Structure formats: C-alpha cells, structure tokens
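S.K.: Requesting a structural model of the entry that follows:
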Amino acid sequence: MFILIFFVLGAIFGSFINCLVYRIKARKSIMGRSFCPACKHELSWLDLFPIFSYLFLRAKCRYCKKKIAFQYFFMEILTGSIFAFGYYFYFVYNLATSKTPQEFVYYLTISLFLLIIGLYDFKYTLVADEFIFPAIIYAFIFNLFMGVNIFYLLLGGFIGFSFFAIQYFGSRGKWIGGGDMFIGIFMGFVLSWPNLLLGIMVSYVIGGLISIPLLILRLKKPMSQVPLGPFLVMGTFVTMLWGDKIIKYLFFI
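M.R.: Just a heads-up that it's a prediction; the model follows:
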C-alpha cells in the first residue's frame, strides 16, 4: 500500500520536474498555471494527471493535437519508481538494519536533485546553476548534520572538482563541459571520500556501456557531443545505495 502511495507521490514530483526544467530553460516563472509548450493553452486538471493523462490523451495535446514528448511520461514513471523503490529499500529490504527516516528523506531529496540535473543536461547539454548550487549546499549541510566527517566531505568535494577540472582545462572544454566540475563537487558531498572514486568509476562504466553500442549502431557519431551529466547522475545514484557493498565485494573488506 505504502509503495503505491510513494509511487503516486513520485509521479507527481516527476511531473513537477518536467515543468521546472522547461520553465527554467525558457526563463519563465515557476509560478502560475501549467500550459502546453506548443500552443500555450492553459491546461485543465484533466490534462495534469501524471501518467494517466499522457495515456488518455494518446500523447497529444487536447487543444492543438501536437505530440507530447515521451520525456514527460518517462520522467513520471521513473520518479514514481524511484520513490517506490526508496520506500522498499529503506523500510522493507533494510528493515533489520540501522536505516533511519532521515536517510530516507535524504535519499528522496538527493534523487530529485539528480533527476533534475540529469534531465536538464540531457536535454540542453548544460548544467544549470539554479539546480547544481542548491544541490551542493544541501548535500554538504545535510551530511554534516548527519555526522559525516567534515574532512572526508571536503576531500570528496575537492577531488570531485579537481578530477573534472583537469579534464576540462586540459582539453580546453573539448572533452567535458565546465558544469561537470560542479557535478563533481556535488558527487563528493553526496558520496564523501572514498566512495566518490567508486561513483566516478561506475559513472564511466555506465557511460561506456551506453555510448559504445550507440557508436557501433551508428546512432551517434564519434565526435557527437554526449552530455556526461546523466552518466554521473546514474553513477552517483548507484553508489549512494550500494557503494559500501560494491567496495566490500571488489576488495574483500
């Protein structure tokens, strides 16, 4: 029952993420009624049910009949799944461990930041200051409040920044974007040291597993610009949940 509740709650947040990313890029106020990006017609409550409205309207605007991007449906499903999985992970699967409600809240908020940052970078190949800086501040303050060693936090942030800064300045911005340096800080504060290194490794492995088949199938050209942010987001998410277990498995500790 609670899993379903959190899925619905997550789907609602997923709908909000779609709206937020569009409005920040378009420099529009995040307040006010929702509207169709194509015809600008204000949407009624029947058009705004996460997941169901997309299916009921057959992926088309009720008013102008323009196609609704699959991104809207996908993000609602994904965010709902992440919320539902979080409830299962923290309150069912790990029932006998020391997981706390505070950790669950942290999981949800960090997941939202990751989704927003990843989606924005995927769509626009850009890391938005409006998202990444609040994410950095939140991750640092929350982990400090939860008793994470400040030295390891700062070390993680510094190494995360330095790792991507070397690539950015060394290639003069050809290999990665400048925003990835700030994602590195965010990763460092979320994962802390030494899990940050695993997070980076997992991110590049995921990036390779996705990018190489695209190149082989010629869906991407070798010089095509592939945003790194979504891969860093996925690597951070995986390491946030299973980093300690992966390290124990790899190094037998």
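S.K.: Would you mind giving the domain segments of this protein?
M.R.: 1-99, 100-253 (automatic domain parsing).
S.K.: Where among the ones you listed is average confidence lowest?
M.R.: Among the domains of the chain, domain 1-99 carries the lowest mean pLDDT, at a mean of 84.
S.K.: if we can go back for a sec, for the domains of the chain, give me TSV that also has mean neighbour count.
M.R.: C-betas here are computed from N, CA, C, even on glycine. Converted to TSV, those look like this (neighbours: other C-beta atoms under 10 Å):
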stretch	mean neighbour count
domain 1-99	16
domain 100-253	17
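S.K.: what about Ile110, distance to Leu250?
M.R.: Counting by C-beta to C-beta, to the nearest Å, the gap from Ile110 to Leu250 is 23 Å.
S.K.: all helices for the stretch 151-253 of the chain, in order.
M.R.: Applying DSSP state H, counting those that start in this stretch to the stretch 151-253 of the chain gives helices spanning 179-191, 195-216, 229-251.
S.K.: Any idea how far the shortest one is from the middle of the chain?
M.R.: What it means is helix 179-191. 12 Å (C-alpha atoms, centre = their mean, to the nearest Å).
S.K.: so what's the closest residue to Gly179 other than its chain neighbours up against?
M.R.: Take Gly179 and drop its neighbours on the chain: the residue closest to it by C-beta to C-beta, 6 or more residues apart in numbering is Val127, 2.5 Å away. Contacts for Val127 (C-beta atoms under 8 Å, 6 or more residues apart in numbering) come out as 117, 120-121, 177-180, 182-183, 229.
S.K.: which of those lies closest to Tyr72?
M.R.: Set against Tyr72, the nearest of the contacts of Val127 by C-beta to C-beta is Tyr120 (14.6 Å).
S.K.: Tyr22 is in contact with that closest one, correct?
M.R.: No: the pair Tyr120 / Tyr22 is not scored as a contact, 9.8 Å apart, by C-beta atoms under 8 Å.
S.K.: In terms of helices and strands, where is Val127?
M.R.: Val127 belongs to no helix or strand when elements are defined using DSSP states H and E.
S.K.: That one and Gly156, how far apart?
M.R.: 18 Å.
S.K.: again, but for Lys245
M.R.: Where Gly156 is concerned, Lys245 sits at a distance of 19 Å (C-beta to C-beta).
S.K.: For Gly178, which non-adjacent residue is closest in space?
M.R.: Gly178 sits nearest to Tyr168 (C-beta to C-beta, 6+ apart), 5.8 Å away.
S.K.: sorry, that was for Pro134
M.R.: Pro134's closest residue in space is Phe113 (C-beta to C-beta, 6+ apart), at 7.7 Å.
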